[in-house]
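J.: predicted model and sequence below, questions to follow.
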Protein chains: 2
Amino acid sequence: MSQPINFTRIVLNSRPVGDIEPQTFRPEQVSFASLKQKLGDNDVFVQVTWLSLDPAMRGWLRDVRSYLPPVQIGEVMRASGLGIVIAKGKKSKLPIGQLVTGTVGMTLSALFLISTNFESLYHSGWTEYAVLPEKHVTPINVPKGIQDIDFLNNIGMAGFTAYFGLKDVGNLRPGETLVVSGAAGAVGSLVCQLGKSMGAKVYAIAGSKDKCSWLVDEIGVDAAFNYKQKGWEEDFKKQVGYLDVYFDNVGGDILDFCLTRLKKDARIVLCGAISAYNSAKPKGLQNYLTLIAMRAKIQGFIVFDYENRYPEAVQVISKGLIDGSIKRKFHIVEGLEKAPEALPLLFSGGNTGKLVVKVADPKDVRAKL
Amino acid sequence: MSQPINFTRIVLNSRPVGDIEPQTFRPEQVSFASLKQKLGDNDVFVQVTWLSLDPAMRGWLRDVRSYLPPVQIGEVMRASGLGIVIAKGKKSKLPIGQLVTGTVGMTLSALFLISTNFESLYHSGWTEYAVLPEKHVTPINVPKGIQDIDFLNNIGMAGFTAYFGLKDVGNLRPGETLVVSGAAGAVGSLVCQLGKSMGAKVYAIAGSKDKCSWLVDEIGVDAAFNYKQKGWEEDFKKQVGYLDVYFDNVGGDILDFCLTRLKKDARIVLCGAISAYNSAKPKGLQNYLTLIAMRAKIQGFIVFDYENRYPEAVQVISKGLIDGSIKRKFHIVEGLEKAPEALPLLFSGGNTGKLVVKVADPKDVRAKL
């Protein structure tokens, strides 16, 4: 393997109050040799190839009680990712060149995120290289018809989030009306497609004319509404009427509007709130009284809770990817150093489809082995 | 039966935007003879003895899509109530003097409310007399140890709301922490007691020192918090920590605060929102993001949906009333004409326990038969 003198990692520099700003993150140069020295007998040394940028990452920067501890100041930014084993400890059994994803007992979870937080031992996340215990790593073999970065998307956390959120939390049934916000995003666009395949009427809410066209023409929703266009709510009322399931990725005003459009026994799947993550004090929901009259519920969920059922989602979604019935789009940013300025795209609506950072080309990595 | 020339009923005069005001309702004098003329062969003529005042009534004044159509301007105000049969049609089988409650297929529902709205034929609700189809009426025989007005409270809608809200929507389990707001009200005080009997730690939120003392000393909660006392939230945090089930009767700021105190998998039972019913634009919930991190849910419900299981609730609650383990308190207002000024007490916190209007003394009614 080739050995650079130093490599780059990006740490949390200061905790943002509102939007992510240039001073939120700070790159660091780290001695490659010093990291390699930490390689224990049961570890693997991984070169990161791809990193996933997810709305949930904004939440990890908040110093509040949550489903994971916050990223600490000075820690490498947590992220899901893929990498290739370029060196290994004496007792490791994985071959050099193996594509892996980091896990703590999460099969196929496509996460590189745990080790920094639960063990405070390993630097992964926004980094070019990481040392990880082999037991925390899952080898991935990419089937024909599937790309490696699908493991960060539809057959990774985004896909599992869409699948279990819609099926288990939303309990969507054939013939029902499903509304999806953030519909042009990684999770949203899969929710739309799964909803159609489950026999629902599917209506999308997104933030541009282009996104809406993509959703109708490619993703196959029944109609799409551009919430940045004045008066979209009136169009929505006319075309959609009332809804059974609202899969909410954005929170805020759109969630508040959808609260007025509930049918009896409606379910709101609270998946994310990209409109609110960046606010110190998000604008409040005013229309929650309709939940009583409509016997409706708002339910939050965290995809990790469905870990033991990930294989079920993988099976369904892989099939769709391979036979071409599930469409996806990637928004690729080149270079780890671009991660801090790319992350805010998720909150400004600057991406269509799954936002990923290419840290190193897998071919180049393997060529140097 | 004695026959007055006229009797009083109270109609909706103007739709309130915020608080209920003097001009919201208007009394009317109606010819007794003209009502009696409407008595058909299958009807009963009922003199109303008691009426129930409930927070839900504020909702019935709003001209919005809801679980029942709104009361219309000029219509008799809808209310639950009890009455005594003082005359009957030829084919009616109920005895004169029978205590009844109006129903449309709702056994034991203690409702006088349906006929005006679903059939637009009969005047009931806030009225001294009503003609009702016998099939819409359920005779009540009051067991020893139970009062007639318990049928408007713990073994009426308030009791069923407490029972099914806590058990089915809240899914409260032994050892869990239950928090109840509006805890000194009809529903709240029963929820507290049911919670204790189900083996939960129970914490009450109410609006005065006296209410809190009553809740601790009589109702038996583990602690009670007076939300009108500055700094109560800090006491709550220290004593309660986090909660599994929040039974919400008030909405608004207290609901928003409780959103920050959720344990994993917490359930918020959205029963009512007395702090918000009177607002044209209620203050919004800002802390809903915790629902995601805590995999929690907010769920609304309407007690009518549990109609076929009312007998289950009656059995459990009657037993507690008879053996004295379930305590209740009535706040009695004398005279139908006082109903309009009494109703707002529910929203200002002016009542402790169940608010009822005594329209006529049952003894006097029966004495004149």
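T.: Looks like it came in fine.
J.: in three-state terms, label the residue nearest to A:Glu233 when sequence neighbours are not counted for me.
T.: Nearest in space to A:Glu233, with sequence neighbours left out and distances taken as Cβ to Cβ, 6 or more residues apart in numbering or on different chains, is A:Phe257 at 5.9 Å. From N, CA and C alone the C-beta is placed, and that goes for glycine too. When classified by DSSP: H, G, I helix; E, B strand; the rest coil, A:Phe257 comes out as helix.
J.: and A:Phe7, by the same measure?
T.: Of the three states, A:Phe7 takes strand according to three-state DSSP.
J.: could you find the closest non-adjacent residue to it?
T.: A:Glu128 (4.3 Å).
J.: try A:Met57
T.: A:Leu343 (6.4 Å).
J.: and A:Val137, by the same measure?
T.: A:Val100 (4.6 Å).
J.: with A:Thr127 instead?
T.: Nearest to A:Thr127 is A:Arg9, by Cβ to Cβ, 6+ apart, at 3.7 Å.
J.: for A:Gly300, give me phi and psi.
T.: phi -90, psi 160 (degrees, to the nearest 10).
J.: contact residues of the stretch 151-300 of chain A facing chain B?
T.: For the stretch 151-300 of chain A, the residues found near chain B under the criterion Cβ under 8 Å from any Cβ of the partner chain are A:251, A:256, A:270-273, A:276-277, A:281-286, A:288-300.
J.: which residue does the stretch 151-300 of chain A have closest to chain B?
T.: A:Gly284 (2.0 Å; Cβ to the nearest Cβ).
J.: now that residue: how far from B:Trp232?
T.: From A:Gly284 across to B:Trp232, the span is 21 Å (Cβ to Cβ, to the nearest Å).
J.: buried among the residues of the stretch 151-300 of chain A next to chain B? Need that as a selection in PyMOL.
T.: Per 16 or more other Cβ atoms under 10 Å in any protein chain shown, the buried members of those correspond to this PyMOL selection:
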select buried, chain A and resi 251+256+270+271+272+273+276+277+282+284+285+286+288+289+290+291+292+293+294+295+296+297+298+299+300
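J.: count of residues packed around the residue nearest to A:Met57?
T.: Neighbourhood size, A:Leu343 [other Cβ atoms under 10 Å in any protein chain shown]: 24.
J.: sorry, back to before: surely the residue nearest to A:Phe7 touches A:Ile10?
T.: No - under the criterion of Cβ atoms under 8 Å, A:Glu128 makes no contact with A:Ile10, lying 9.7 Å away.
J.: what residues are shared contacts of these two?
T.: Taking Cβ atoms under 8 Å, 6 or more residues apart in numbering or on different chains as the contact rule, A:Glu128 and A:Ile10 both touch A:Leu336.
J.: just the strands in the stretch 101-250 of chain A please.
T.: A:129-133, A:137-139, A:177-181, A:201-206, A:223-226, A:243-248 (DSSP state E, counting those that start in this stretch).
J.: what mean pLDDT does the fifth one get?
T.: So that's strand A:223-226. For strand A:223-226, the per-residue pLDDT values average out at 98.
J.: what's it packed up against?
T.: strand A:201-206, helix A:209-214, helix A:232-239 (3 or more Cβ pairs under 8 Å, 6 or more residues apart in numbering or on different chains; DSSP states H and E).
J.: need the contact partners of that strand.
T.: With Cβ under 8 Å, 6+ apart, strand A:223-226 has contacts from A:183, A:203-209, A:211-213, A:215-216, A:232, A:235-236, A:239-240.
J.: only the buried subset of those residues, as a PyMOL command please.
T.: Applying 16+ other Cβ under 10 Å to the contacts of strand A:223-226 leaves a buried subset, and the PyMOL line that selects it is:
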select buried, chain A and resi 183+203+204+205+206+207+208+211+212+215+232+236+240
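J.: for the stretch 1-150 of chain A, give the residue positioned nearest to chain B.
T.: Nearest residue of the stretch 1-150 of chain A to chain B: A:Ser66, at 4.1 Å (Cβ to the nearest Cβ).
J.: now that residue, nearest residue through space, not along the chain?
T.: Nearest non-adjacent residue to A:Ser66, counting by Cβ to Cβ, 6+ apart: B:Ala293, 4.1 Å away.
J.: and A:Phe257, what does it touch?
T.: So A:Phe257 contacts A:Glu233, A:Phe236, A:Asn287 (Cβ under 8 Å, 6+ apart).
J.: what ranges do the helices span in chain A?
T.: Remark: helices assigned in chain A by DSSP state H are A:32-37, A:56-60, A:114, A:157-164, A:186-197, A:209-214, A:232-239, A:252-258, A:290-293, A:310-322, A:339-342, A:345-348, A:362-367.
J.: the fourth one to strand A:177-181, inter-axis angle?
T.: Translated: helix A:157-164. 160 degrees (axes from the mean of the first three to the mean of the last three Cα atoms, to 10 degrees).
J.: now do the longest one
T.: Interaxial angle of helix A:310-322 relative to strand A:177-181 (the same axes, to 10 degrees): 90 degrees.
J.: then helix A:310-322 to CSV, C-alphas only?
T.: The C-alpha trace of helix A:310-322 is given here as CSV (Å, rounded to 0.1, in the frame of the first residue of the first chain):
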residue,chain,number,x,y,z
TYR,A,310,-32.8,-4.8,7.7
PRO,A,311,-32.4,-8.0,5.6
GLU,A,312,-36.1,-7.8,4.8
ALA,A,313,-35.7,-4.2,3.4
VAL,A,314,-32.5,-5.2,1.6
GLN,A,315,-34.3,-8.0,-0.2
VAL,A,316,-37.3,-5.9,-1.3
ILE,A,317,-35.2,-2.9,-2.3
SER,A,318,-32.4,-4.7,-4.0
LYS,A,319,-34.9,-6.5,-6.2
GLY,A,320,-36.3,-3.1,-7.3
LEU,A,321,-32.8,-1.7,-8.0
ILE,A,322,-31.7,-4.7,-10.0
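J.: poorly predicted segments of the stretch 101-250 of chain A, please.
T.: A:102-124 (pLDDT under 70).
J.: go ahead and confirm A:Asp19 touches A:Leu346.
T.: No - if you go by Cβ under 8 Å, A:Asp19 and A:Leu346 don't touch, sitting 11.6 Å apart.
J.: looking at the two, which is more packed in?
T.: A:Leu346 (25 against 13).
J.: which residues does that one contact?
T.: A:Leu53, A:Asp54, A:Pro55, A:Arg58, A:Gly185, A:Ile274, A:Leu355.
J.: try it again at 10 Å.
T.: Residues in contact with A:Leu346 (Cβ atoms under 10 Å, 6 or more residues apart in numbering or on different chains) are A:20, A:53-58, A:182, A:185-186, A:272, A:274, A:277-278, A:331, A:355.
J.: can you flag the buried ones in the residues you listed?
T.: By 16+ other Cβ under 10 Å, the contacts of A:Leu346 give A:20, A:53-58, A:182, A:185-186, A:272, A:274, A:277-278, A:331, A:355 as buried.
J.: domain boundaries for chain A, per the record?
T.: A:6-153+A:329-367, A:157-304 (automatic domain parsing).
J.: among these, which is nearest B:Val365?
T.: domain A:157-304 (35.5 Å; Cβ to Cβ).
J.: now the terminal residues of the closest one, how far apart.
T.: One end of domain A:157-304 sits 9 Å from the other (Cα to Cα, to the nearest Å).
J.: before we move on, what about stretch A:218-230?
T.: One end of stretch A:218-230 sits 25 Å from the other (Cα to Cα).
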